[in-house]
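S.K.: Here you go, sequence then predicted model.
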Amino acid sequence: MVEVLFLGVGAALPMTGQTNSSFLLRTEDACILIDCGPAIMQQLAAVGVSPGEITHVFLTHRHGDHILGYPMLMLWWAISAPPGAQCPTIVAGEITFKTLDLLAAEVFGGHTSELAGHAARVALPDMQPMALQLTPLVKLYTQPMNHAEFAPDLGARFEVSGKVLAFTGDTSPNDNIATLARDADLLVHDSTYSATLNPDYAAGIFGHSTAQISGRSAFASNARHLALVHIDAIYEGKVQTLLQEAQHEFIGRVSIPVAGTLFTF
């Protein structure tokens, strides 16, 4: 069985009562945290998951809403983990790792920084595709997305037990999305803006996509299920418009999950 648990779904400045986008992918041999924003400890507690259950952390890019919880996660492992427990393997782009190391050293330092520095890590190239056998059952493919020169984003495709789960992270439209999400059972796509409510944003803006772009990506990749996440707070009370916008482009299943939503495959 494969599960995707949504810990948070908000943009950098989330809607009232929401937190930043973060997800758990659970398989028979792994519990993979995808992005680690500032509220990660509260997000995990809200769904009854201990940091000690996490086997891998995949970070799409170094913007704060995706990594500022990293030193808190490392602090838990430094002072609260049971004796002999295995720290998660950290997987991220080379540029992202520069900021992770800085955070660990500057925020807490000491044993936390030492632990972060010695944790198993996989540094991926930021601007080229990669394939990695993450566990015996989980294969990870990454594709560079189109987000920001300062913070290059790696989209992730996980193939496990015959299922495909794809996560764009933050991105504006680009041809790599269709490759990343080809025949995916679930595509979790940046849908920060609405082309319906903000026509000037239709081509994507500020390194982000609209719900319309997400629908087109799902159609182009032949995905089965599209989840719209990272929706900006300006659309509070208007998310049904984004849902309909994506549905106009994609005839498959379209969802706007909330924190605590669980999809099982």
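M.R.: Structure received.

S.K.: Please name the residues that touch His189.
M.R.: If you count contacts by CB atoms under 8 Å, 6 or more residues apart in numbering, His189 has them with Thr168, Ile177, Ala181, Ser209, Ser214, Ser217, Ala218, Leu226, Ala227, Leu228, Val229. For glycine as for every other residue, the C-beta is placed from the backbone atoms N, C-alpha and C.

S.K.: let's see it at 7 Å
M.R.: With contacts defined as CB atoms under 7 Å, 6 or more residues apart in numbering, His189 is in contact with Thr168, Ser209, Ser214, Ser217, Leu226, Ala227, Leu228.

S.K.: For those residues, work out which two are farthest apart.
M.R.: Comparing all pairs in the contacts of His189 by CB to CB, the longest separation belongs to Ser209 and Ala227, at 13.0 Å.

S.K.: Looking at these two, which has the bigger crowd around it?
M.R.: Neighbour tally, Ser209 and Ala227, criterion other CB atoms under 10 Å: the higher count belongs to Ser209, 32 against 25.

S.K.: what's the closest non-adjacent residue to the more buried one?
M.R.: Closest residue to Ser209 in three dimensions, ignoring its sequence neighbours and counting by CB to CB, 6 or more residues apart in numbering: Asp190, at 4.8 Å.

S.K.: Quick check: the one you found vs Thr171, distance?
M.R.: Taking CB to CB, to the nearest Å as the criterion, Asp190 is separated from Thr171 by 5 Å.

S.K.: Check the contact lists of these two and give me the overlap.
M.R.: Jointly contacting Asp190 and Thr171 under the rule CB under 7 Å, 6+ apart are Ser209.

S.K.: can you give me the helices in the chain?
M.R.: 40-46, 64-67, 70-79, 94-107, 110-118, 176-180, 211-221, 239-249 (DSSP state H).

S.K.: now the angle from the longest one to helix 110-118?
M.R.: Between the axis of helix 94-107 and that of helix 110-118 there is an angle of 170 degrees, by axes from the mean of the first three to the mean of the last three CA atoms, to 10 degrees.

S.K.: now helix 94-107, how far from the centre of its chain.
M.R.: Relative to the chain's own centre, helix 94-107 is displaced by 18 Å; criterion: CA atoms, centre = their mean, to the nearest Å.

S.K.: what does the third one give?
M.R.: Distance of helix 70-79 from its chain centroid, counting by CA atoms, centre = their mean, is 19 Å.

S.K.: same question for that helix, mean pLDDT?
M.R.: For helix 70-79, the mean per-residue pLDDT is 93.

S.K.: Now do the contacts for Ala39.
M.R.: Neighbour list for Ala39: Gly8, Thr19, Asn20, Gly69 [criterion: CB under 7 Å, 6+ apart].

S.K.: For the closest residue to the second one other than its chain neighbours, give me its contacts.
M.R.: Translated: Thr19. Computed as CB to CB, 6+ apart, the closest residue to Thr19 that is not its neighbour in sequence is Gly8, at 3.6 Å. In this structure, Gly8 makes contact with Gln18, Thr19, Asn20, Ser21, Ser22, Gly37, Ala39, Gln43, Ala259, judged by CB under 7 Å, 6+ apart.

S.K.: Repeat the analysis, applying 6 Å as the threshold.
M.R.: Going by CB atoms under 6 Å, 6 or more residues apart in numbering, Gly8 touches Thr19, Asn20, Ser21, Ser22, Gln43, Ala259.

S.K.: Of the residues you listed, grab the buried ones for ChimeraX.
M.R.: Only the buried entries of the contacts of Gly8 go into this ChimeraX selection, using 16 or more other CB atoms under 10 Å:
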select :19,20,21,22,43,259
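
S.K.: any idea which of the contacts of Gly8 is closest to Gln244?
M.R.: When the contacts of Gly8 are compared for distance to Gln244, the smallest value, 21.3 Å, is given by Ser21; criterion: CB to CB.

S.K.: isn't the closest one right next to Val229, touching?
M.R.: Yes - applying CB atoms under 6 Å as the test, Ser21 and Val229 come out as touching, 5.0 Å apart.
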